[in-house]
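J.: Have a look; sequence and predicted model below, questions after that.
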Amino acid sequence: MKNWLEVPGIRAALERKEVQGFAKGVLTNDDRLFIAQPIVRNGQLLGVLRMSITLQQFQRQFAIVIWTVLGTLVFILLLCTFISEWLARSLSRPIQTMKNFAIRLGSGHFGDKLQIRQSNELDQLALELNRMSERLASLDQERRAFLANVSHELRTPISNVLVTVEALRNGAASDPAVSDRFFQNVEDETKRLSRLIGDLLDLGRLEAGVTLLEKQHIQLVSLIKRAVRAVETRLQNSQISVQVNVADLQIQGDSERLLQALLNLLDNAIKHSPPNSQILITGSKEGKQAVVTIRDQGQGVKDSDLSRIFEQFYTGDHSRKGRGVGLGLAIAKRIIEAHGGSITVSSKVGEGATFTIYLPI
Ligand SMILES: Nc1ncnc2c1ncn2[C@@H]1O[C@H](COP(=O)(O)OP(=O)(O)OP(=O)(O)O)[C@@H](O)[C@H]1O
Ligand SMILES: [Mg+2]
């Protein structure tokens, strides 16, 4: 350089001013951006620093920055798309599975189970679906068992009647002793059939909630006395005594229905009581509930039967020789539950059974 002062920016920098600008190159004849700055230490000017860059270089740098920014943006965009796609998929997959599961349930495949892995809201939903599937499966099972039992219980008396009638027609009627027995048989079976159909209708109505309870104030003592009066002849015939020990309580309910429930319980107590034994009926108030217990001194209920005797058609004596079909307790339970109450049983084999009814006052 012959004359540094001619270089743009140097003179100003020597005058301690910072300069930046645009000028032709010092050695080359290209367009450049420059900056010139004084170097001052302790108030003393030591020299000047001048730097320049060609426009081309600058543009190249600039382009690199622009492309880097753009590239990063595109990369982030793609990453976001990928992540949201992945999230959406991982959310929609279980929903899809549940949808298919619900469709299978709807088409009658009960009892299937969904796999549950994590513990978020979707798994809660899966848990509920599993529970629903289980419940539907057991209801379906109950329905089949019910139908099988109904047809069995209906067929037996009908075929008995048919066989007896046939025998009567084929000559049994000529012997008065035999024909009497056969007619008695037909009468018994027909009664049994009509009772069974009545029970089934009751059960169906209670189940469907069609039975409207005609609620009124009932004196608990008089209700229980009515029930005892209704079975008085049977009690006398079997030489069973009844002790009633009921507090003066008023409850709300449908007296006819409650009577039916009590009669079913009394019927069982009488059936399972040995001669010369006693049935004890108590009634008391416990908090906001009326508690009625019916205790007999019969053979009691086996532990294995305790949890099942309230099921429809469940009878303890599997031989089915007894006359019961196993609907009495099921009906009693439904009547009491329709009143907002509950019924339990406790028993030890050989020491009788105690049925306890809880009814809201
Ligand atoms: N007091 C009782 N003592 C012993 N076992 C009982 C007693 N009450 C009920 N059970 C048992 O519970 C079963 C179910 O009773 P439930 O009243 O429902 O039917 P059932 O008496 O056999 O027939 P149904 O009442 O329809 O004539 C009975 O078969 C019997 O084994
Ligand atoms: Mg019964």
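T.: Now that the structure is in, tell me what you want to look at. Note that the structure is a prediction, hence the values are computed from the model and not measured. Ligands and ions are numbered 1, 2, ... in the order given.
J.: can you list the residues of this protein near ligand 1?
T.: Proximity of the chain to ligand 1 (Cβ under 6 Å from any ligand atom) is limited to residues 264, 268-269, 272, 296, 298, 300-301, 309, 314-317, 322, 324-330, 353. Heads up, the C-betas are built off the backbone N, CA and C, glycines and all.
J.: C-terminal to the helix or strand where Q59 lies, what's the next element?
T.: Following DSSP states H and E, one finds Q59 within helix 55-106. In the C-terminal direction, the helix or strand that comes right after helix 55-106 (DSSP H and E) is helix 121-169.
J.: one step back: pull out the buried members of the residues of the chain next to ligand 1.
T.: 264, 268-269, 272, 296, 298, 300-301, 309, 314-316, 325-330, 353 (16 or more other Cβ atoms under 10 Å).
J.: Right, and ligand 1 sits closest to which residue of the stretch 101-250 of the chain?
T.: D199 (6.3 Å; Cβ to the nearest ligand atom).
J.: which ones are touching the residue nearest to that residue when sequence neighbours are not counted?
T.: Leaving aside its sequence neighbours, D199 sits nearest to L327 (Cβ to Cβ, 6 or more residues apart in numbering; 4.4 Å). Residues near L327 by Cβ atoms under 8 Å, 6 or more residues apart in numbering: 196, 199-200, 203, 312-313.
J.: quick one, phi psi at L33?
T.: phi -100, psi 140 (degrees, to the nearest 10).
J.: The closest residue to ligand 2 within the stretch 101-250 of the chain - how many residues pack around it?
T.: Using Cβ to the ion, the point where the stretch 101-250 of the chain gets nearest to ligand 2 is D199, with a distance of 9.7 Å. Counted with other Cβ atoms under 10 Å, residues neighbouring D199 total 20.
J.: What pLDDT is listed against the residue nearest to D199?
T.: We have a pLDDT of 90 for L327.
J.: Okay, strands next: where are they in the stretch 251-361 of the chain?
T.: 278-286, 289-295, 342-347, 353-360 (DSSP state E, counting those that start in this stretch).
J.: Figure out which of these is closest to ligand 2.
T.: strand 353-360 (10.8 Å).
J.: and the residue of the chain found nearest ligand 2, what does it touch?
T.: Proximity of the chain to ligand 2 (Cβ to the ion) peaks at G328, 2.7 Å away. Applying Cβ under 8 Å, 6+ apart, we find G328 in contact with 199, 264-265, 267-268.
J.: about what we covered before: compile the strands of the stretch 251-361 of the chain into CSV and extend it with columns for mean pLDDT and distance to ligand 2.
T.: CSV is the format used below for the strands of the stretch 251-361 of the chain (pLDDT from 0 to 100; distance: least, Cβ to the ion, whole Å):
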stretch, mean pLDDT, distance to ligand 2
strand 278-286, 96, 14
strand 289-295, 96, 12
strand 342-347, 96, 12
strand 353-360, 96, 11
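J.: Switch the ones you listed over to TSV; also include distance to L136.
T.: Below are the strands of the stretch 251-361 of the chain laid out as TSV (distance: least, Cβ to Cβ, whole Å):
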stretch	distance to L136
strand 278-286	37
strand 289-295	33
strand 342-347	25
strand 353-360	30
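J.: Just the buried ones from the contacts of L327?
T.: By 16+ other Cβ under 10 Å, the contacts of L327 give 196, 199-200, 203, 312-313 as buried.
J.: so which two of the residues you listed are the farthest from each other?
T.: L196 and Q312 (11.9 Å; Cβ to Cβ).
J.: State the three-state secondary structure for the residue of the stretch 101-250 of the chain closest to ligand 1.
T.: At D199 the chain is in helix, as set by DSSP: H, G, I helix; E, B strand; the rest coil.
J.: Secondary structure element for the closest residue in space to I281 that isn't next to it in sequence, which one?
T.: Spatial nearest neighbour of I281, excluding adjacent residues (Cβ to Cβ, 6+ apart): V244 at 4.9 Å. For V244, the host element (DSSP H and E) is strand 241-246.
J.: which bits of the chain sit near ligand 2?
T.: Contacts of the chain with ligand 2, taken as Cβ under 5 Å from the ion, map to 268, 324, 328.
J.: I'd like to know how far the residue nearest to L136 when sequence neighbours are not counted sits from Q297.
T.: Distances taken as Cβ to Cβ, 6+ apart place F110 nearest to L136, at 4.3 Å, with adjacent residues excluded. Here the criterion is Cβ to Cβ, to the nearest Å. By it, F110 lies 44 Å from Q297.
J.: More neighbours: which of those two?
T.: Q297 (19 against 16).
J.: so who does the more buried one touch?
T.: Here Q297 is in contact with 273-274, 277-279, 351-352 (criterion: Cβ under 8 Å, 6+ apart).
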